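1. Fold the stuff below for me.
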Amino acid sequence: MKRWMAMLIAVGFAAGGAGAAGLEIRPAQPAPELRAPDLAGANKTLADYNGKVVLLNFWATWCPPCRREMPSLERLREKMAGRPLEIVAIDSAEPLEDVRGFLATLKLEFTVLLDPEGENTRRWKVYALPTSFLLDSGGRIRYVLKGGAEWDEGEFLRAVESLLAEAEKSPGR
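-> Below is the predicted model:
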């Protein structure tokens, strides 16, 4: 586990430490399985967010770009209130106490999940932090971003809004 985390740290600084190059558009593909507890210990899966656009952000408390982008995720949540968007931040391979300590310094109301052993991080093939996946309302990966971002502006906001527009037009809404 320690060797895997050291590699993730090294790759994170090399690939994502300086910022994001931009969103990578993906052909719609099914998302890998996600199963992780929230801060209260309740297990969550992607099925819990069926019918919603999901911004899934892999992060860690030790990661400077991760820490910098957290306020923008909260601003995005506020900006999109009442729309079918779920922001889910999954902490990668850290103890609960570290995550709680960091979260105590910020007012964040989006969902935070825990991946203490890094199982989801590996399953989703996350090699640098932060890495974010933008899923459409059908649970398919549509965009990937390796590195930090200001999610409430520019190309990032446009991508979220385009998937929300698709979701809001779909039958059953």
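2. Sketch out the low-pLDDT regions of the protein for me.
-> 1-21, 172-173 (pLDDT under 70).
3. can you do 50?
-> Scanning the chain for pLDDT under 50 picks out the ranges 1-7, 9-19.
4. residue ranges of the strands in it, please?
-> 24-30, 35-37, 43-45, 53-59, 85-92, 111-115, 131-135, 140-146 (DSSP state E).
5. how about the third one: buried residues?
-> Residues of strand 43-45 classed as buried under the neighbour-count rule (16 or more other C-beta atoms under 10 Å) are residue 44. Glycine gets a C-beta too; all of them are placed from N, C-alpha and C.
6. Which other helices and strands does that strand contact?
-> If you count contacts as 3 or more C-beta pairs under 8 Å, 6 or more residues apart in numbering; DSSP states H and E, strand 43-45 packs onto strand 35-37.
7. And for the last one?
-> Judged by 3+ C-beta pairs under 8 Å, 6+ apart, strand 140-146 is in contact with strand 24-30, strand 131-135, helix 154-169.
8. ok so, going back, return the most buried member of the strands of the chain.
-> Of the strands of the chain, the one with the most neighbours on average (mean count of other C-beta atoms under 10 Å) is strand 53-59, at a mean of 26.
9. Give me the most central residue, the chain.
-> residue 57 (1.2 Å; C-alpha atoms, centre = their mean).
10. Tell me which residues touch it, please.
-> By C-beta atoms under 8 Å, 6 or more residues apart in numbering, the contact list for residue 57 reads 69, 73, 87-90, 130-132.
11. what's across from it in the sheet?
-> When bridges are called by DSSP bridges, residue 57 pairs up with residue 89, residue 132.
12. measure it to residue 107 for me?
-> 17 Å (C-beta to C-beta, to the nearest Å).
13. repeat for residue 82
-> Relative to residue 107, and taking C-beta to C-beta, residue 82 is found at 19 Å.
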